[in-house]
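Asks: Pasting the sequence and the predicted model now:
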Amino acid sequence: MLSNDSLLHSVAKPARYTGGEWNAIRKDPAAVAVRFALSLPDVYEVGMSNLGLKILYGVLNDREDTYAERVYCPWPDMESVMRQAGATLCSLETQTPLREFDAVGFSLQYEMIYSNILTMLDLGGIPLERTARTQADPLIVGGGPCAYNPEPLADFFDCFVIGEGEDVIGEIAGTLAAWKQNGKSGGREALLSALSELDGVYVPTEAANPARVTKRIVADLDTSPFPTRPIVPYLETVHDRIMLELFRGCSRGCRFCQAGVVYRPVRERKPETLLRLAQELADNTGYDEISLVSLSSADYSCLRNLTQDLMTRFAPQRVSLSLPSLRVDSFSIELANEIQKVRRSGLTFAPEAGTQRLRDVINKGVTEADLIEAAGAAFRSGWSNIKLYFMIGLPTETDEDVLAIADLARKVLALARNVRNRKVTVSVSTFVPKPHTPFQWVPQLSVAEMERRQNLLRVAFRDRSISFNWHDAQTSRLEGVFARGDRRLGKTLAEAWRRGARFDGWSEHFKPGIWDEAFAATGVDPDFYTVRERTPGEALPWSHIHCGASQEWLAAEWRQALAGALTADCRHGECTGCGVCQDLGVSVIDWRANLNG
Amino acid sequence: MDKMRVALTKTDETKYVGHLDFGRAIERALRRAKLPVAYSVGFNPHMKLSFGPALSVGVASDAEYVDVELTEPMDAVDFGRTLSAQLPPGLAFVAARAVFTSSALAAALNLASYQVTVAVPPTPGNLAAARTALEAFAAAEVALYVRRTPKGEKTMDVKKFLVGEVAMAEGRDCIVLDFWLRMTSTGAVKPMEVLGVLNGQFRFPSGEAAFRRTALKAEHSSGVQDPFEI
């Protein structure tokens, strides 16, 4: 331990690197067939907050033949002292160098963590490029939302899991175990070939050039594994509470939202299952807060009954509830009132756009009247701090739409005339078109245009009665490049990393100049991926990845957007024809019908 | 009011867990153990816990103390056994005893002993250099340490906080130092800062060092008390 101490004494928050938390799994590495390292390539506090990884950690460690450990990206201060000392990146559980694992899985949650993957491979003693790896090197697996366009990372990953991982991750572990048992016969090619046979696994080699890889999906969430012994970190993480997943999927149909397409259809857990899971989680963690998570928790069909049952049971245990996302309606305010009887922090609403016309374009079924009613109800019931989320740069947006954001925010503030310590915060991000959405063909704003529109709002909010924050335009540009990028970007990513790109999602570390140099050095034009309009027939880099929704439906939704026509939520209404249920043999699972019936 | 005083250790595994994070870990362990801990009243009720003086990040400890207020009296052995089962691997239960005091632990416990293990081979040369350094340190009127933080610099006289002399022992592949530090209402020095002064100004042989708090005591006009005697 002494040699590690010299590193840890000189870095911020050394507990990021020491593990040993409550519920961390301890196994004898010599007694298992497969050793898996799971990662989200960001700092510990972010990585530890991801629900998907908690599920996979539980699923893999439930297998007797597998030991899954964790590893996160060293903060730049740690990377620097590790490089000076020649230290290798190790797992948290057993301090095993990354290169000694059979597989390293990276959760690809957002594009701005791509450079961190290279930092981790390099510090872990693993060749960056998949073609340089031998059978002594670990299998590098990617998964999560960004795997829906895997091509920009294809140089560095041996395979990608498309869709939900809880079933296929075990199949991958099983394939690895069988390959090792056979003395790794056939080498790495044999392993990759076996993996490419698994449904939902994409192997980006020239040999295994697949026509189409369809996502994996859990048909019945209610019976699927949900870990009730999650690790309880010492350090305060981003989501440092129980995460109770109410349902997966969201079919509200917001046209900018990738999650709303790729996680279809909606599949709810039963209220009684959730109550049981909540009690086990509270008993096993000691947390004092349960967050009801999903893409849109206020849409859970039995939410009122569930929250009442949870409160009845947990109030005496001093466990509180929180709802991370509220709809813009009075039902949500009532719920928030019931749930947060004491902790009157802030409420957040997401109207997304300033005018009704533009909200219709994006299919955000929220009116100004809804917002005024919800915000008014919130102020009347004692909330003083309201946060509003908007986007700029949505398709068809005009200056009038941009300025309407300021008007709407002022109307909300005006409702709080008699509220003490009133505060309205407006957060404006910049729309980045994502694959597998009706907006996958549209041009993204140029950096100059993003900044011009942000400036319109800065001027409009000059009176300072409303606090206004916005996203860095250079960050949105880079996110846009990789979101809809192709395989040529692998060279650019490696070049930018070599020139020092690290933690690009963190403003204190993001250096856009490095990326400009890298684009120039590798002869890649970032505008090709961002400001260019795709033609309807163009082969998209992600067209071989199938999320269930048809291209025809996405195109039809795009035409609906241009017409300003709304598409209803299929959760309780008619099928809107996206094709997921029919194509994947799954269906919407919503328990309200059962309760009423 | 029923209060349980608990002694715990922080091992090498948890020495990098900061004071607030340590506190949160104890709270969660108490919740898992379902012990009858008292809560404050008001809008944001919290457990009524009182912790001993903060330990520097990077220092292991044989002597961490927490006072836990209970809603009903409990047998100390039962309490210890129940809590022990819910502690993470790097925190260990040592002892518990019901106490009847209202004084805050952090203020009462004002003496701490530390052991510093310096990874320097105990060769005759190194031992002689170490002895010379400690003699010069003992003879010095002041020994100033400049603490640099993001907020600025602060100069402290390490000797003002030292109680008695620094004791030295020869270990296997290392030299071991033992000393007592006093914590005052105006501040305290860290064991790293003592070693920093010894290395920097008195040429004590340098090597990788491991730090451990070995005891906490309460010193007042009438004498020195063990935490369980207060």
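Replies: The structure has been received and is ready for your questions. Numbering: from 1, shown residues only, chains lettered A, B, ... in the order given.
Asks: make it CA atoms for all contacts and neighbour counts henceforth
Replies: Will do.
Asks: could you say what helices and strands the helix or strand bottoming out on mean pLDDT in chain B packs with?
Replies: Least confident helix or strand of chain B, by mean pLDDT, DSSP states H and E, is helix B:105-108 with a mean of 85. Counting contacts by 3 or more C-alpha pairs under 8 Å, 6 or more residues apart in numbering or on different chains; DSSP states H and E, helix B:105-108 is packed against strand B:49-51, strand B:59-70.
Asks: Please identify the most buried of the ones you listed.
Replies: Ranked by mean neighbour count under mean count of other C-alpha atoms under 10 Å in any protein chain shown, the helices and strands packed on helix B:105-108 are led by strand B:59-70, which reaches a mean of 23.
Asks: Buried residues in the least confident helix or strand of chain B, which are they?
Replies: B:Leu105, B:Ala106, B:Ala108 (16 or more other C-alpha atoms under 10 Å in any protein chain shown).
Asks: Average pLDDT for stretch A:8-20, rounded please.
Replies: Averaged over stretch A:8-20, pLDDT sits at 95.
Asks: what about it, distance to the chain center?
Replies: Centroid separation for stretch A:8-20 versus its chain: 26 Å, with C-alpha atoms, centre = their mean, to the nearest Å.
Asks: Contacts for it, please.
Replies: A:43-45, A:74, A:77-78, A:81, A:92-93, A:234-235, B:13-14, B:16-17, B:58, B:88-90 (C-alpha atoms under 8 Å, 6 or more residues apart in numbering or on different chains).
Asks: mind checking how far A:Gly52 is from chain B?
Replies: 23 Å (C-alpha to the nearest C-alpha, to the nearest Å).
Asks: typo on my end, A:Thr567
Replies: Where chain B is concerned, A:Thr567 sits at a distance of 43 Å (C-alpha to the nearest C-alpha).
Asks: Narrow the contacts of stretch A:8-20 to just the buried residues.
Replies: A:43-45, A:74, A:78, A:81, A:92-93, A:234-235, B:13-14, B:16-17, B:58, B:88-90.
Asks: for the residue most central in space within chain A, what are its contacts?
Replies: Per C-alpha atoms, centre = their mean, the C-alpha nearest to the average position across chain A is that of A:Gln109, at 4.1 Å. Contacts for A:Gln109 were tallied using C-alpha under 8 Å, 6+ apart; they are A:Leu40, A:Gly144, A:Pro145, A:Cys146.
Asks: so where is chain A shaky, pLDDT-wise?
Replies: When residues are selected by pLDDT under 70, those of chain A lie in A:1-3, A:206-210, A:341-345, A:593-597.
Asks: tell me which parts of it are close to chain B?
Replies: Proximity of chain A to chain B is confined to A:2-3, A:5-6, A:8-9, A:13-15, A:18-23, A:234-236, A:282-287, A:342-343 under the rule C-alpha under 8 Å from any C-alpha of the partner chain.
Asks: Give me the spatial nearest neighbour of B:Ala138, chain neighbours excluded.
Replies: Excluding its sequence neighbours, the residue lying closest to B:Ala138 (C-alpha to C-alpha, 6 or more residues apart in numbering or on different chains) is B:Glu165, at 6.9 Å.
Asks: Let me know the secondary structure of that neighbour.
Replies: Of the three states, B:Glu165 takes strand according to DSSP: H, G, I helix; E, B strand; the rest coil.
Asks: Give me the local confidence score for it.
Replies: Value listed for B:Glu165 in the pLDDT field: 95.
Asks: Quickly note the distance from it to B:Phe137.
Replies: 9 Å (C-alpha to C-alpha, to the nearest Å).
Asks: who has more neighbours, these two?
Replies: B:Phe137 (21 against 14; other C-alpha atoms under 10 Å in any protein chain shown).
Asks: Please tell me how far the more buried one sits from B:Val163.
Replies: From B:Phe137 to B:Val163 the distance is 13 Å (C-alpha to C-alpha).
Asks: With A:Ser543 instead?
Replies: 73 Å.
Asks: out of these two, which sits in the busier spot?
Replies: A:Ser543 (17 against 14).
Asks: quick one: contacts for the more buried one?
Replies: Contacts of A:Ser543 (C-alpha under 8 Å, 6+ apart): A:Arg212.
Asks: same check, this time on the one 3 residues further on
Replies: Going by C-alpha under 8 Å, 6+ apart, A:His546 touches A:Arg212, A:Val213, A:Thr214, A:Lys215.
Asks: And the next helix or strand past the helix or strand hosting A:Leu277?
Replies: Using DSSP states H and E, A:Leu277 falls within helix A:271-285. Next in sequence after helix A:271-285, counting helices and strands by DSSP H and E, comes strand A:289-293.
Asks: Give the other helices and strands that that following strand contacts.
Replies: Using 3+ C-alpha pairs under 8 Å, 6+ apart: strand A:289-293 touches strand A:242-245, strand A:320-322.
Asks: Can you spell out which helices and strands pack onto the next helix or strand after that strand?
Replies: Next helix or strand after strand A:289-293 toward the C-terminus (DSSP H and E): helix A:303-314. Using 3+ C-alpha pairs under 8 Å, 6+ apart, the elements in contact with helix A:303-314 are helix A:271-285, strand A:320-322, helix A:330-339.
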